[in-house]
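Chemist: Got a predicted structure here, sequence first:
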Amino acid sequence: MGKAQKKTGKGRLDKYYKLAKEQGYRARSAFKLIQLNKKYAFLESARCCIDLCAAPGGWLQVASKYMPTNSVIVGVDLVPIKPIPRVVTFASDITTAQCRNLIRSEIKDWKADVVLHDGAPNVGTAWIQDAYSQSELVLMSLKLAVDFLIKGGTFVTKVFRSVDYNNLIWVFNQLFGKVEATKPPSSRNVSAEIFVVCRDYLAPKHIDPKFLDPKHVFKDISSSTSTDKGTSANNSQANVFQPEKRRRKRDGYDDGDYTLFKKISASDFVKNPDPISILGSVNKISFDTEEEKQWLDLDITTSDVKANCDDLKVLGKGDFKALLKWRLALREEIGIDLKTKHADEITETVELVEEIDEEQQIQEELQRLNTEAQARTKRERRRANEIKTKTIQRMQLQMTAPLDIGLEQNDASLVGQEDIFDLGNAERGLRNKGAVPILATDEDMPDDEDPPHEASGGEDEDEDVALDSDGEREKKLSALEATLDGMYESYQEKMKERDAKYRVQQTREKHGRLEEWHGITEEKDDDDETDSEGGWDIMEAAKTRTDGDSSGDESEEESSLPAHKRNRAEAVDPPSNKRRKLVADLGDRQPTNPATQVWFSQDVFQGLEDVADNSEADEDAVMEYVVDNDEEEGWLQEDTSASEAEDKMVLQESGDDNEDVEMWDAADENIDVSKRDHIKKYGLVTAEAVSIAQRLANRQTTKTHLVNEGFNRYSLNSKDDLPTWFLDDEAKYYKANIPVTKEAVAALRARQRALDARPIKKIAEAKGRKKMRAAQRLAKAMKKAEGVNATSDLSEREKAQQIEKLMRKGTSKGKPKKEVKVVVAKGAHKGVKGRPKGVKGRYAMVDARMRKEVRAKKRKEKASKSRKRS
Ligand SMILES: C[S@@+](CC[C@H](N)C(=O)[O-])C[C@H]1O[C@@H](n2cnc3c(N)ncnc32)[C@H](O)[C@@H]1O
């Protein structure tokens, strides 16, 4: 789980949570409705919508956004819902007649085109009031829906896969033309919730009340559950002893426990008197406590047992038996059960074993190994199948809204799949790839610890003798340069780490260079090996590294080299000084990694090669990696924002219809076009560029003149084989000085100011709220003033005074914020918990440093004010 993800509550702060925050939705569930609507498109044409169980209002926000203006939207929940523009809400229990009457009075004789229900009992603050179970709530919502829905209308409801699921679906099918159950991508995988979209309401003249009566709808199941308590255990037994053949009685999930994943601690499993039902009902046996971890080190806990404990849902009969045996052995080991074998019995067994002839032993051993291997392959195959099914399911459910940003990355069911396209890993992989030749070069070198320039005195002596003096000097020189380069790079690294200013400068420089850089110039290197590396390789490498965690090893290996060797190695093939363009044709390469194979074995990828052969357009099915680095100009993406400019690697998946994504093709590279595109999008962004443009516009210069100016002593320098530090220095100081005009700088500043002044959405909303409150205050004051004016008890003078007072209040800025006393947590206040002594009213404990910061801020403000005045 990533850092940003909250550890508790199913990692609540997932991408949809963040997206919801970003887009101003009150609940992440809003995306479920967006995705459902994307698939079934019921909101766009709806004129009236009723949302049952609507708090906090995420779905209402979506409805109000997607439904036509002037449509009627009504939201009901046990808890009050904060106002939403164009939406009427009230607090009521959807299972009551009062709720029905409220809706009726709201929509009058209209009929609803859509009825939504996302209710869940025991959710929200009013959970105590929830008397109904989820399924009953669904039925209640259906009862309301059939009352208000128009013929052909749509009812969307959330159901959980429980014992009642099939009965509910059956009822839906009686009342609607089309009933589909679906799980939108934003619905968490661990949740057993499913959304049923019932379309084409049949609007029968008479509906048998039994259809909507929980007693009748859920009768069968409840009777079976009450009489069949034993079957649940039997079912567990069946799960364990006939995992392949079993016909599970799909009881669904326990009420209130709608998670798909169940875990039990090893001690619970070992100590529980009914291990079989545990094996049949949980997904994993975990070893968390110290004692349990010690059990992992015991001989009886073989690697097979560990693997089996990890995922019980994929085990076969033999595996379950092995687990039960292990449990018995462990119980004996830890003294829960008495040892059954006496010492003499054991001796006897040993003697017996000795008697068995050797060949038979080998046969048995072979057979055992075979069975084990078979079981393992079977397990692997089953796992692969499961992964494949889940992937396909996800792809089917995946909708192409921009919000569907990928699949859940933390889903354990997609092991391996998520990191195929993990850019971070790929980047690391690439770096490590770059390191491979480095290490290889090092290994090829004589196995001594001497620095390169001293190597000639070691085992290389014979070779050195053969060298003429020039060659020798050259060799020494290049070795020296390599060392220098390495040292320079590590110096830069250290500077970067230490000096914040330097970092800012670097970033600025990078940004500065962004403008100067016009696309990807193919830097064809002599080093074919690196150039021929495709994006595929990188992905593969990244994947392998993640799997085997070898990246750490390699980098460790690298860092374990002596410093001078490392430096030399980097100098031999300085990966950080190259921008590589890696184009991988998917058709050319065969994935070797099983996870990758699973990914590409999906139906959607079938026939890709054929199509690629036939159509030129499909060459776009190429993944393009562009690797950049700190020293070189940044990657010129569409967005030049600081964070993106700092991204070192960008993966683009291009397609004909995707105009947003530019395809950088080495063969079809057109610097001018990309430059023009960039200018079109962002305008001129450097003072130099604006100055030149002004000169051109004012006819102070001509195109030919500019072209001629481009050929100068700065542009014709060959940069081949020059050390990095020298090139860096040159980039800083050795460049043509293009004159900039005051106007150009002013124009750019003005543009930046305009950009800065553009309020972000939140600010705009806050301003809107403020305005609305001010208007409300004024309206209230005016109403009161009218009242005062109308009274006959007051004299005209008193009336005027009161009205003036009221209007002053109405136009004031609202209640002044209560002053918060700042208490610095030092001296007597240090470490004080609760209210510090002698402090009255609202207070805030602050760090001493914070006060300094506040003072510094005030000082700065004061200074800037006085500067403005003068
Ligand atoms: C998952 S939330 C709904 C979220 C909502 N769709 C949204 O997007 O903001 C479930 C809601 O059902 C409400 N609820 C549960 N039982 C209810 C009942 N009997 N009547 C009305 N609302 C109920 C809860 O108060 C809770 O707010």
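Modeler: Arrived safely, thanks for sending. Just so you know, these numbers come straight off a predicted model, no measurement behind them. Residues are numbered from 1 along each chain as shown.

Chemist: Residue in the stretch 751-870 of the chain with the shortest distance to the ligand?
Modeler: Across the stretch 751-870 of the chain, no residue is closer to the ligand than Glu765, which sits at 18.0 Å (C-beta to the nearest ligand atom). For the C-beta atoms, the positions are set from N, CA and C on the backbone; glycine is no exception.

Chemist: who's in contact with that residue?
Modeler: By C-beta atoms under 8 Å, 6 or more residues apart in numbering, Glu765 lies in contact with Gly24.

Chemist: And the pLDDT for it?
Modeler: With respect to pLDDT, Glu765 scores 85.

Chemist: gap between it and Ala322?
Modeler: Glu765 sits 60 Å away from Ala322, going by C-beta to C-beta, to the nearest Å.

Chemist: Check Arg104 too.
Modeler: 63 Å.

Chemist: what about these two, which has more around it?
Modeler: For Arg104 and Ala322, the more surrounded residue by other C-beta atoms under 10 Å is Ala322, and the numbers stand at 17 against 13.

Chemist: Then that one would be within a helix, right?
Modeler: Yes: using DSSP: H, G, I helix; E, B strand; the rest coil, the assignment for Ala322 is a helix.

Chemist: near the ligand, anything from stretch 27-42?
Modeler: Yes: on the criterion C-beta under 6 Å from any ligand atom, stretch 27-42 is in touch with the ligand at 27, 29-30.

Chemist: For those, pick the one with the most neighbours.
Modeler: That'd be Ala30 among the residues of stretch 27-42 next to the ligand, by other C-beta under 10 Å, with 26 neighbours.

Chemist: Low-confidence stretches in the stretch 551-700 of the chain?
Modeler: For the stretch 551-700 of the chain, the stretches with pLDDT under 70 are 551-671.

Chemist: how about a cut-off of 80?
Modeler: 551-676, 682 (pLDDT under 80).

Chemist: Okay, strands next: where are they in the stretch 201-350 of the chain?
Modeler: 263-265, 284-286 (DSSP state E, counting those that start in this stretch).

Chemist: could I get these as TSV with mean pLDDT and distance to Val159?
Modeler: TSV is the format used below for the strands of the stretch 201-350 of the chain (pLDDT from 0 to 100; distance: least, C-beta to C-beta, whole Å):
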stretch	mean pLDDT	distance to Val159
strand 263-265	85	25
strand 284-286	87	26
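
Chemist: Return the most buried member of those strands.
Modeler: Highest mean neighbour count of the strands of the stretch 201-350 of the chain: strand 284-286, a mean of 19 (counted as mean count of other C-beta atoms under 10 Å).

Chemist: Which residues outside that one are in contact with it?
Modeler: The contact list for strand 284-286 (C-beta under 8 Å, 6+ apart) reads 261-266, 269, 292, 309-312, 323.

Chemist: still on that earlier bit, buried residues, the helix or strand hosting the residue of the stretch 751-870 of the chain closest to the ligand. List them.
Modeler: Assigned by DSSP states H and E, Glu765 falls within helix 761-790. By 16 or more other C-beta atoms under 10 Å, the buried positions in helix 761-790 come out as 777, 781, 784-785, 788.

Chemist: farthest pair in those residues?
Modeler: Comparing every pair within these by C-beta to C-beta identifies Arg777 and Val788 as the most remote, at 16.2 Å.

Chemist: Quick check: residues of this structure near the ligand?
Modeler: So far as C-beta under 6 Å from any ligand atom goes, the chain lies against the ligand at 26-27, 29-30, 53-59, 77-79, 93-95, 118-121, 123-124, 126, 130, 137.

Chemist: From these, list just the buried residues.
Modeler: Among these, those classed as buried by 16+ other C-beta under 10 Å are 26-27, 29-30, 53-59, 77-78, 93-95, 118-121, 124, 126, 130, 137.

Chemist: hang on, the earlier thing: so which of the residues of the chain next to the ligand belong to strands?
Modeler: Asp77 (DSSP state E).

Chemist: how close does Arg47 get to Leu36?
Modeler: From Arg47 to Leu36 the distance is 19 Å (C-beta to C-beta).

Chemist: ugh, typo on my part, it should be Lys735
Modeler: Noted for Lys735: a distance of 57 Å to Leu36, by C-beta to C-beta.

Chemist: Which residue of those two possesses the greater neighbour count?
Modeler: Leu36 (25 against 12).

Chemist: For Glu853, report the pLDDT, please.
Modeler: With respect to pLDDT, Glu853 scores 80.

Chemist: In a markdown table: the residues of stretch 27-42 next to the ligand, plus pLDDT and distance to Gly280.
Modeler: Formatted as a markdown table, these follow (pLDDT from 0 to 100; distance: C-beta to C-beta, whole Å):
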| residue | pLDDT | distance to Gly280 |
| --- | --- | --- |
| Ala27 | 91 | 36 |
| Ser29 | 92 | 33 |
| Ala30 | 94 | 38 |
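
Chemist: Out of the residues you listed, which sit inside helices?
Modeler: Secondary structure from DSSP state H places Ala30 of these in helices.

Chemist: what number of residues lie near Gly683?
Modeler: The tally of other residues near Gly683 (other C-beta under 10 Å) stands at 13.

Chemist: got it, and Ile300?
Modeler: 14.

Chemist: That one and Thr289: what is the separation?
Modeler: Using C-beta to C-beta, one gets 18 Å for the distance from Ile300 to Thr289.

Chemist: After the helix or strand containing Asp728, which helix or strand is next?
Modeler: Under the criterion DSSP H and E, the helix or strand holding Asp728 is helix 724-733. Going down the chain from helix 724-733, the next helix or strand is helix 742-757, by DSSP H and E.
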